[in-house]
Every structure is written in C-alpha cells, then in structure tokens.
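J.: structural data only, the sequence is not supplied:
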C-alpha cells in the first residue's frame, strides 16, 4: 500500500472573524466551538487515516510556536514555515518538495485548516478513493455537493460520466457566481463547490507546476537541492522572496491535465463569519440554548433577547435585542447583527485604511 | 440679610444607569457629560448664590471620600454622613439639626445631586424668591413647569391665585399618574412636577417633623444634643438605627401647614436612564455628532450605524445597528436599544435576585 500524506495549509486570513481573528492569531487558531481550534479539528479529523508522522503543516513563520503548542503530537520537522505569504500554489509546492524528498512516490492530500465537517468519515472515505486515483497520476480535486445557491464559493463544473471509482472529468472551474447563476448551478446538478482540497502525487503536481508555473518550479528546485543541508534556511529564503503570489486554482488547476473531480458530501462548513460560527455552534449544541442565545465565553444576562452570540470575559447584559453578535476581546468590541456578519470584513478594511495596525 | 444654606442630598440610587452606576459609586458621582459628575454640576450650579462654606452635603458614610475628592472646596465638616439610608425625611432632618446649630435662623434650600438644568440662573432666581418666603415661615416647594405628560414624576396641584411673590397655595400632592391623567394635568396648567427641591427655615421644618413625625423628631433631638461633643458619633448612630425610613413628601409635605409652591422652569432634566444621558448629551453637543453617534468614552468605528451611545475603554466597532446603548465597564457590558433604557432597572433587579452582589 502506498503512503498517504496530509498537507494542512494553516496560513493567515479570516478578517470576517475580527476582532478575535487577528494577523498575529488568525481564525484557525481560535477556539470557535468545542475548545478545539479549527486547526486542531482539522488535525484530529484525518488522524484515523493518516498518522501524525505523515502530516505536514505549512504556515507562516510567526505561527510556528502556536501550531506546535496546539499540535504537540506533530513532529517539529513536519512544520514547514513559509518565509512570507505567497498564496496557495507556492505553499503547496513547498510542501510537495519536502514530501518528495521523504518519499518519492508520496501521495499528498492538500487540506485546509479552517473548515468544519459534520460527517468526517465521509471525507476519510473520499480521501481513500482519491488517493488510489492519485497514485495512478491523476490530479484529484474534491468537489463539495452543494445544498444551496451559495455565491461565496467558486464552483467546479463536471462532465456527465464518472469512471469506475466515481471520479468525473472536470469541464471547467468557475469563479464565485451571482445569485441567479448560483441557482442555475444548483438546479443543473453538475456544479460542485471548490473546497480547496486536493489529492495528488507530489511529483505529479510538481511536474504540472513545471509546465504551468515554470518560474515557481525553478525556485522550488533551488530550495529542493538545499533541503536537509545547513544551507536550507538561507536558500529557501532567497528563492522564496521573488516568487509571484498565485493560487493553486488559477495557477495550476485551470490548466492542469488529467484533472478529476471526486464528489464528496461531508457536511462541509466554511466557518467564514461570526454568523457561520453561530449557526455551526447551534447545530453542535446538545440541546437548544435558551432563547437561541449562545454564550461561547463569559456570561450572558438576557432580558427579552434572542438569537445572540456572546463572547466576552465580562458579564454581558442585553435588553430587547435580536440576533446580535457581541464579540468582546481585549482591545476591541464588535456589535453587529448576525445578518450583517459579512460586513465585518469591511470594518477591518477601514482599520487597515486608517493604518490602525494594532487592531488588525 | 439672612443666610441661605444649601443641603445637597447625595445618597445612593440610579440602577437604570447600570453598569456604570453601582451601589459603591452611584450615578451622581459618574462623569455623564462634560467630565463633571452630576454632584459636581449640582455644587457648581448654586455657587453664584451660596458659598461653599454654606453648602452641606448629606450622604451615606461610604461615599464620603468620593465626595470630598470631587468637591475639594467643601469644608470637610460640611459633609454630613448618614449611618445608613433612611429615605429623605430623616436625611433632611439630620441636615436641619446641623444647620440650626450653626445658625438658629438658617434658611435651607434642599437640593438634589442627580439633575441637570439648562437654565441655572432661573433656579437661582427662584431660590432667592423662595428664601425670602421661607424666612417668613413658609414651607416652599419648587414646582417644575411641565412640558410633557410625564408619567415618571409626582405632581403638585396648586391653587389659582399666587401671592405677591408668585407663590401659590398647594392643594395637594399627586403620585405618579397614568398617561391619561398626566395629559389632563398638562392641559389644566395647575399641575407641576415635584422636583424634590424645597426651601424652608431649619427650625420650621423641624417643628413640622415634631408634629407629623414625632418619633423622628425625638431621635433628631437626641442627636442634636450631642452634636459637637465627643459623643456625637455614637449618639447619632444609636439614635439613627431605629428610625423608620420615610420620604419628605409622604412624611411631611402632604400634611404640612403653610406650604407654598413656587413655579420654576429651569430646563430641569432628570438624568434617570442612559436614554436621557444620550438626549442630554446630544443637546449639549457643540455640533451634531456624525450619524448621531455619541462617544463619551473610548472610540467608535461605525459602519452603517446611527444614534448610538458608546462608553468603553476599547475600540467599539458596530455594523448596521440603530439607536443602541453600548456601555462597557470593567466587569460588565450593557447592550440595549435606547428605547428600552428604562428596562436596565429590571436587569439590576435580576442580578439582585440572583445574589450577584459584585455586579450591583
């Protein structure tokens, strides 16, 4: 049996979960639900299939100690630090050269650190299926079966006929659609959400990068030659700096050969906003909370108040409010209706425009 | 010319201004507007007429140091400490015996520490008029000319004909009316708000207490005999303890002889809730704040938000909220629509019922 490795991407991001998600501690490190961070949840999820020794986490240098603290089982050499953020294609390339050095036939599952899945065993089953196809040289993308006309994700359009393992040829990748288009996608049954999860052989994806992103591949080759030597750190830094940021979707997937999509329906939740945190936390609750008020931290004294999400170190008293997010951190307090949770991103942009870096 | 003294009552209260107003630091000590507390505002207001040496402040023992800190001009011997709260009649009686000891013909203006007046000179003029009448033995109550059918105050019904100084005989005192009654009061033009401000000779009010509240008067007599002696503290405590709590309105005014009402219209504001604080702060603002958002402490990052009152030591970011009170203190955070500001009192009652004394 071939060896399946996991590459968990745990970079920055998550401005819509401000003020808890900050540049110095992005959302995947925060306890959003059951006292486990999203990173920890992502790590635990795959453990039945992939032991810690075969899990790599790629992240920004400044998050290294946070990650090692949250994942004590992770061998420290499995933490791969990016000198700076260059989007997903370079991140995945860096992981691929590390893996190929360990195992020339390594099959890698590229996974995200900021999603929740209600049916984790469904994902594991899909990873098994995908890894068999990947071993044969296919580039497998996991397509999430949509359950609503979501306009916040990219879509994958598949062809009609699956192969014997249930993988479909990919017709094309689609950017985030408008509402009408999303409804059409949903009706057609041929469109799936682009989950950002992939399975392939490390050497296969590096070959595709050589064809589609030759500058990136050249930079990766420089780094690869220095891995495990005293020069590794300086060579990686020098080769990394000029790399052009580009996503794996735009840079590779849209032009790659031999791409297949495996449909998967693991109850996939993108915890992208406090509204989603509320919904997910409500779904996980053993019993419905009184008046729909969820208190994740602190205490809530509620008078004629419903549907609120409260996170604070204080006593939070509310009177006559509905569906309000109250997120209280050390230096900033957010008050926002759940229905407008997406707008939190705009607040962060305002702060950035004002140069208020301490709040970012 | 006779001497006019002021007795400022600065006891507890103010649960509707929770979480800033607490038992240990009630609302009259908080900076609600222009970096002066309501107590300081009340003290400054009368200074053009009454020097600090003739101002007495009656308060609970535990507030003594706060008051001396806020009113450094006040001679410490002018701070009269009540051993415990016994409502206004005992409080005023205690002040009266202190004043009569200093000046047997003392005329005293009883004033409150928790109101704002837009036309302070109107009050001072009324105090002058009232003190002349008081010198002649009259018990003068200041009636505020109502400008709306307020159901939150008691009313004074006056007779039709004023005397030469503009004082009216009082027909009766009325409790807080329902809405329809309040509207009738407003239409009739014969009803005034009971402001809790009075002017009388100290000996006259003590004589009325002797007639109407003989037990109180007897207790006060015990204390009076000990004032200025080494026994003062122990005698006051012993005589104070069994006193029955009763307000000056119920205990004295409703049965007193020779009562007169002087109408006064000083732009009197009872700062009884955060909604009133917002209104008053808006009225005082040199120019209208952007989007009607008032930031009294901290900083407000407002996105599509209007009419909020913000007090916090943090950056408070709001999205898509209207007319919201956000009052953030060390251990408690209140979020409440301005229209429901009166309900804050209920929150405090809930905390009291739960025995959460640290928050009271």
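T.: On my side now, so go ahead. Since this is a predicted model, take the numbers as computed values, not measurements.
J.: quick one, phi psi at the closest residue to chain B within the stretch 101-250 of chain A?
T.: The minimum distance from the stretch 101-250 of chain A to chain B, using Cβ to the nearest Cβ, falls at residue A:152 (17.6 Å). Quick note: C-beta positions are derived from backbone N, CA and C, even for glycine. Residue A:152 adopts backbone torsions of phi -90, psi 0, taken as degrees, to the nearest 10.
J.: surely residue A:193 and residue A:268 touch.
T.: Yes - in this structure, residue A:193 is within contact of residue A:268 by Cβ atoms under 8 Å, at 7.4 Å.
J.: residues shared between the contacts of these two?
T.: Jointly contacting residue A:193 and residue A:268 under the rule Cβ atoms under 8 Å, 6 or more residues apart in numbering or on different chains are residue A:144.
J.: near chain B, which residues of chain A are found?
T.: Proximity of chain A to chain B (Cβ under 8 Å from any Cβ of the partner chain) is limited to residues A:18-19, A:301, A:303-304, A:312, A:314-321, A:324, A:326, A:328, A:330-337, A:339-340, A:343-344, A:346-347, A:350-351, A:356, A:359.
J.: is it possible to mark the buried ones in those?
T.: Neighbour counting with 16 or more other Cβ atoms under 10 Å in any protein chain shown marks A:18-19, A:301, A:303, A:312, A:314-321, A:324, A:326, A:328, A:332-337, A:340, A:343-344, A:347, A:351, A:359 as buried within the residues of chain A next to chain B.
J.: domains of chain A?
T.: Using automatic domain parsing, the domain parsing of chain A gives A:4-270, A:284-359.
J.: can I get those domains in TSV including mean pLDDT?
T.: Below are those laid out as TSV (pLDDT from 0 to 100):
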stretch	mean pLDDT
domain A:4-270	95
domain A:284-359	96
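J.: rebuild the ones you listed as CSV, extending it with distance to residue B:27.
T.: Below are those laid out as CSV (distance: least, Cβ to Cβ, whole Å):
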stretch, distance to residue B:27
domain A:4-270, 30
domain A:284-359, 17
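J.: name the residues linked to residue A:5 by a beta bridge.
T.: Residue A:5 has these beta-bridge partners by DSSP bridges: residue A:108.
J.: give the contact list for it.
T.: Residues counted as contacts of residue A:5 (Cβ under 8 Å, 6+ apart) are A:50, A:54-56, A:99, A:103, A:106-109, A:202.
J.: what residues sit buried inside stretch A:293-312?
T.: For stretch A:293-312, the neighbour count (16+ other Cβ under 10 Å) marks A:293-296, A:300-303, A:305, A:307-312 as buried.
J.: thinking again about what came up before, and the buried ones among the residues of chain A next to chain B, which of them are in strands?
T.: Judged by DSSP state E, those include A:301, A:303, A:312, A:314-319, A:324, A:326, A:328, A:332-337 as members of strands.
J.: who's in contact with the residue most central in space within chain A?
T.: With distances taken as Cα atoms, centre = their mean, residue A:112 lies nearest the centre of chain A, 3.0 Å away. Counting by Cβ under 8 Å, 6+ apart, residue A:112 makes contact with A:8-9, A:42, A:195-197.
J.: strand partners (parallel or antiparallel) of the one helix or strand residue A:263 maps to?
T.: Secondary structure assignment for residue A:263, by DSSP states H and E: strand A:259-264. Here strand A:259-264 is paired, per DSSP bridges, with strand A:139-144 (parallel), strand A:168-174 (antiparallel).
J.: mind checking which of the ones you listed is nearest residue A:87?
T.: strand A:168-174 (15.6 Å; Cβ to Cβ).
J.: the helix or strand just after the closest one to strand A:168-174, inter-axis angle?
T.: Per DSSP H and E, strand A:168-174 leads on to helix A:179-188 as the next helix or strand towards the C-terminus. For helix A:179-188 against strand A:168-174, the angle by axes from the mean of the first three to the mean of the last three Cα atoms, to 10 degrees is 170 degrees.
J.: just to revisit the earlier point, filter the contacts of residue A:5 down to the ones in strands?
T.: Judged by DSSP E, strands contain the following of the contacts of residue A:5: A:55-56, A:107-109.
J.: what about the nearest residue to residue A:7 once chain neighbours are set aside, neighbour count?
T.: Nearest residue to residue A:7, sequence neighbours excluded (Cβ to Cβ, 6 or more residues apart in numbering or on different chains): residue A:95, at 4.2 Å. Residue A:95 has 25 neighbouring residues, counting by other Cβ atoms under 10 Å in any protein chain shown.
J.: enumerate every residue touching residue A:29.
T.: Going by Cβ under 8 Å, 6+ apart, residue A:29 touches A:37-39, A:63, A:66-67, A:70.
J.: quick one: whichever residue of the stretch 1-150 of chain A sits closest to chain B from residue A:157, how far?
T.: In the stretch 1-150 of chain A, the residue that lies nearest chain B is residue A:19 (7.1 Å; Cβ to the nearest Cβ). Distance, residue A:19 to residue A:157, using Cβ to Cβ, to the nearest Å: 38 Å.
J.: find the helix or strand that the residue nearest to residue A:7 is a member of.
T.: Residue A:95 belongs to helix A:88-102 when assigned by DSSP H and E.
J.: other SSEs contacting that helix?
T.: Judged by 3 or more Cβ pairs under 8 Å, 6 or more residues apart in numbering or on different chains; DSSP states H and E, the packing partners of helix A:88-102 are strand A:4-9, strand A:55-60, strand A:79-82, strand A:107-112, helix A:202-212, helix A:214-226, helix A:232-240, helix A:248-251.
J.: closest to residue B:133 out of those?
T.: The stretch from the helices and strands packed on helix A:88-102 with the least distance to residue B:133 (Cβ to Cβ) is strand A:55-60; that distance is 79.3 Å.
J.: who touches that closest one?
T.: So strand A:55-60 is contacted by A:5-12, A:39, A:43, A:46, A:67, A:71, A:74, A:78-82, A:84-85, A:91-92, A:94-95, A:98-99, A:113 (Cβ under 8 Å, 6+ apart).
J.: tally of neighbours for the spatially closest residue to residue A:78 that is not a sequence neighbour?
T.: Using Cβ to Cβ, 6+ apart and skipping the chain neighbours, the partner closest in space to residue A:78 is residue A:56 (5.0 Å). Residues near residue A:56, counting by other Cβ under 10 Å, number 23.
J.: cool, and residue A:48?
T.: By the criterion of other Cβ under 10 Å, residue A:48 has 10 neighbours.
J.: and if you look at residue A:99?
T.: As a burial measure, residue A:99 scores 26 neighbours (other Cβ under 10 Å).
J.: correct me if wrong: it contacts residue A:106.
T.: Yes - contact criterion Cβ under 8 Å: residue A:99 and residue A:106 qualify, at 4.2 Å.
J.: which neighbours do the two have in common?
T.: A:5, A:202.
J.: what sits against residue A:322?
T.: Residue A:322 is in contact with A:305-308, A:337, counting by Cβ under 8 Å, 6+ apart.
J.: let's see it at 10 Å
T.: Residues counted as contacts of residue A:322 (Cβ atoms under 10 Å, 6 or more residues apart in numbering or on different chains) are A:291-292, A:304-308, A:337-339.
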